[in-house]
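[1] Model the structure of this input:
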Amino acid sequence: MDYLVRATAAGGMIRAFAAVTTDTVETARAAHNTSPVATAALGRLMTGAVMMGADMKNDEDLVTVKISCDGPIGGLLVTADRNGHVKGYVHEPGVMLPPNEKGKLDVSGALGLGVLTVIKDIGLKEPYTGDTILVSGEIAEDLTYYYATSEQVPSSVALGVLMNKDNTVRKAGGFMVQLMPGCPDETAAVLEERLSAISSVTSMLDGGMTPEDILNHILSGMSPDIKEVKTDVSFYCGCTHERVEKALISVGREELQKMIDEGKTVELSCSFCGKKYQFSLEELKEMLNRV
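    Sure thing, here's the model as predicted:
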C-alpha cells in the first residue's frame, strides 16, 4: 500500500514528507505503456507532486506540475490533491534512450532543456503560478530549485524509481525536507551533513525501509516527530463520460458538425488514465442541439 507521512524536527524548524509510491507509479506505467525512462520521469514527478499536494490546505485544492522541454519525451503533466490522489502523463511515452554515464536511466537526456511550471489552484480568483528553468532535468533537483527561487523555502527533494528487469516498477518513492523561517545555521548545517551521507531513496526503499524509517534516518539527532496520520497514495483519475462529453461540446458547433458529417462513432481517450469513451452519432447530434 502506497502512503505518505509527515514529520517535524528541531523544535519545528524543519518539516519533512516521505512517500512510497511503487503501486501508484506501476499503475501509471501500465495505463500509458511507458518505456523505462518515461516511467522514471513520470514516477519522479508524480511522487514530487504527491508531497506538494499534501501541503495544500483544502480538499478542493489542486497542484499541477508541468514540464515543457525540448527533449524526446516532449513534456510531462501531473496533478495531485491533498488526499494522496495523483495522475499524470508524458507526451511521448515510448521514448527510448541508452543509459547515462552512470549506467542509470537517462531522465535528464529525455527532458533536455526546459521549464518547470507549478500551478496551485487554492480557490482564489486566479491560481498561483511559478516558473523555473530545469537546472538538471533529473526532476528532484529541479523541484529543489523551484522551492528555493519561487517560494524562498530552502528544501531538499529526493525522488526515485527503480525498475525490474521486465520493466515493471520495483520501488518508487521520495522525500522532501524543508527549513522553516528562523532555522538556526547550526541546525541547517547538521541537516545538510545528514543529507549528504544518505544513499539513494530507492536503495533505502529496496532495503526494506519505510517512509517513517527514512525520515527518522534523515532527522536522526534532531528530535524527529513523525505524525501518526498517514495519507494513502494512489493513481486516481476522476474522468467520466459526462466530463468528456462537456469537453467535446466545448469544441463548438462547427467541429461537432464535421464529426456528424463523417458518420462515425467518435472515440476519445483520457490523457491522464487512457480510458476510452465512445459517442454515437445520436449523442453527437443531441450535443449539437445543446450548443
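
[2] Can I get stretch 36-45 as PDB, trimmed to CA atoms?
    The C-alpha trace of stretch 36-45 is given here as PDB (Å, rounded to 0.1, in the frame of the first residue of the first chain):
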ATOM      1  CA  PRO A  36      11.600   2.600 -18.600                       C
ATOM      2  CA  VAL A  37      13.000   6.200 -18.900                       C
ATOM      3  CA  ALA A  38       9.500   7.600 -19.300                       C
ATOM      4  CA  THR A  39       8.300   5.600 -16.300                       C
ATOM      5  CA  ALA A  40      11.200   7.000 -14.300                       C
ATOM      6  CA  ALA A  41      10.400  10.600 -15.300                       C
ATOM      7  CA  LEU A  42       6.700  10.300 -14.700                       C
ATOM      8  CA  GLY A  43       7.100   8.400 -11.500                       C
ATOM      9  CA  ARG A  44       9.500  11.000 -10.100                       C
ATOM     10  CA  LEU A  45       7.200  13.900 -11.000                       C
END
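
[3] And that stretch, how far out from the chain middle?
    In terms of CA atoms, centre = their mean, to the nearest Å, the centre of stretch 36-45 is found 9 Å from the chain centre.

[4] which residues touch that stretch?
    21, 25, 28-29, 32, 34, 65, 67, 73, 76, 78, 88-90, 92-97, 105-107, 109-111, 138-140, 159-161, 163, 167, 169, 172, 174 (CB atoms under 8 Å, 6 or more residues apart in numbering). Glycine gets a C-beta too; all of them are placed from N, C-alpha and C.

[5] Of these, grab the buried ones for ChimeraX.
    Typed into ChimeraX, the line below selects the buried ones among the contacts of stretch 36-45, using 16 or more other CB atoms under 10 Å:
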select :21,25,28,29,32,34,65,67,73,76,78,88,89,90,92,93,95,97,105,106,107,109,110,111,138,139,140,159,160,161,163,169,172,174
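
[6] Of the contacts of stretch 36-45, which belong to strands?
    65, 67, 76, 78, 88-90, 159-161, 163, 169, 172, 174 (DSSP state E).

[7] And the furthest pair within these?
    Greatest spatial distance among the ones in strands among the contacts of stretch 36-45 (CB to CB): Val65 and Met163, at 21.9 Å.

[8] Which parts of the chain are strands?
    Using DSSP E, strands in the chain cover 3-9, 14-20, 62-69, 76-81, 85-90, 114-121, 128-133, 155-163, 169-179, 225-226, 231-232, 234-235, 266-269, 276-279.
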